[in-house]
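Participant: Quick one: sequence plus predicted model below, questions after.
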Number of protein chains: 2
Amino acid sequence: MISVDAFDLKILSALQDDGRLTNQELADLAGLSASQCSRRRMRLEEEKVIAGYHADLSSEALGFGVIAFIQVGLATHSPDNSKRFRALVNRIDEIQEAYSLTGDADYVLKAVLRDLKGLSDLVNDVLMPHQSVAHVRSSIVLDRLKESSKLPLKEINPG
Amino acid sequence: MISVDAFDLKILSALQDDGRLTNQELADLAGLSASQCSRRRMRLEEEKVIAGYHADLSSEALGFGVIAFIQVGLATHSPDNSKRFRALVNRIDEIQEAYSLTGDADYVLKAVLRDLKGLSDLVNDVLMPHQSVAHVRSSIVLDRLKESSKLPLKEINPG
DNA sequence: TGGGACGCGCAAGGAGCGTGCAAACGGGAC
DNA sequence: GTCCCGTTTGCACGCTCCTTGCGCGTCCCA
């Protein structure tokens, strides 16, 4: 595995919280010089430990009122069919996340929509009629307790 | 609602893809000057349309091999009990996302763990024994088709 | 038709970035 | 213990990038 020491972890952790931190700010947090932070950051980017940087937009401010989890069962489990389903999922921007799972459903999708009509359109006009899909069950998010994509870096022992 | 024009949408969309874009790069993409992009970006940050910037770290590179969705049913639905549960969720870093949902389960959690033992520890030693929790069902992610937090900005009409 | 508000690009001063360099550190071999 | 070599560090410098002030053009409404 890629070797990541305590300084790297501090840098990663800080950048996870604020992706636009200056090398100097990073330096103050990590107890290094700014140039070292620059070098380490570049290395972590090259090694793809840092996969990218993204702005986190407010769904409320932009009028996306509905988040839903959609459980999908496929019609058949042939390779062709799951390929069709994956292609479908990929071209729908409203679907933020999609996973195949152990358990009852074959897939779980997380979708972000402007309103319930948007969800209805997605489920009834796009997913349900698609040839790859057998059944669909959607659950609407009532409350977001927590929503981040931060990794629990404290679980990692430096080395 | 906050007014967002076509230039803002281009800026937001670009920053969603790459949160470290330079004002000059933003300017080239949006067809504006760098100074205007700087001003618009600052406004969007002040209005909390841009909630923040985050580095996206590679879970594979850092050795997080297991993602799981955990459905939780509460013991009782009293305000005190859900408060206890929320406090629990908040202090567990392995839980990235947590939502209350319509449908069967009261809550769904998305957790990131180093290995299956980590999941077992979380479910059996932390969640199950907690007084607020009645039952727990976890599903392990077999494959990630898609994993982002990008909003479908093309759904928004500028104005 | 005039005036105010707004949004624009330009330019300049200042902050931030990254490469070169030399010094400090650390671990093996002897 | 000590010598050697690879690695990591801080500093300095040239360059890019950021942001604020300013003047100009445009639009809207009186």
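Facilitator: On my side now, so go ahead.
Participant: ok, residue A:50 - contacts?
Facilitator: For residue A:50, the contact set (Cβ atoms under 8 Å, 6 or more residues apart in numbering or on different chains) comprises A:12, A:15, A:41, A:44, B:55-58. For every residue, glycine as well, the C-beta is placed using N, CA and C.
Participant: And residue A:129, how far from residue A:121?
Facilitator: 11 Å (Cβ to Cβ, to the nearest Å).
Participant: go on, residue A:100?
Facilitator: Using Cβ to Cβ, we find residue A:100 at a distance of 24 Å from residue A:121.
Participant: will you turn the contacts of residue A:50 into CSV that also has distance to residue A:85, neighbour count and secondary structure?
Facilitator: As requested, the contacts of residue A:50 are exported to CSV (distance: Cβ to Cβ, whole Å; neighbours: other Cβ atoms under 10 Å in any protein chain shown; DSSP: H, G, I helix; E, B strand; the rest coil):
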residue, distance to residue A:85, neighbour count, secondary structure
A:12, 34, 22, helix
A:15, 35, 23, helix
A:41, 38, 19, helix
A:44, 35, 21, helix
B:55, 31, 28, strand
B:56, 25, 20, strand
B:57, 28, 23, strand
B:58, 26, 17, coil
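Participant: Give me the subset of these that also touch DNA strand C.
Facilitator: Filtering the contacts of residue A:50 for proximity to DNA strand C (criterion: Cβ under 7 Å from any atom of the strand) leaves residue A:41.
Participant: show me the contacts for the residue of chain A most remote from its centre.
Facilitator: Within chain A, the residue lying farthest from the chain centre (Cα atoms, centre = their mean) is residue A:33, at 32.0 Å. Listed by Cβ under 8 Å, 6+ apart, the contact set of residue A:33 reads residue A:27.
Participant: Look at residue A:129 and residue A:121 and report which has more neighbours.
Facilitator: When residue A:129 and residue A:121 are compared on other Cβ atoms under 10 Å in any protein chain shown, the one with more neighbours turns out to be residue A:121, at 14 against 8.
Participant: How about the backbone phi and psi for that one?
Facilitator: Backbone torsions of residue A:121, given as degrees, to the nearest 10, read phi -60, psi -40.
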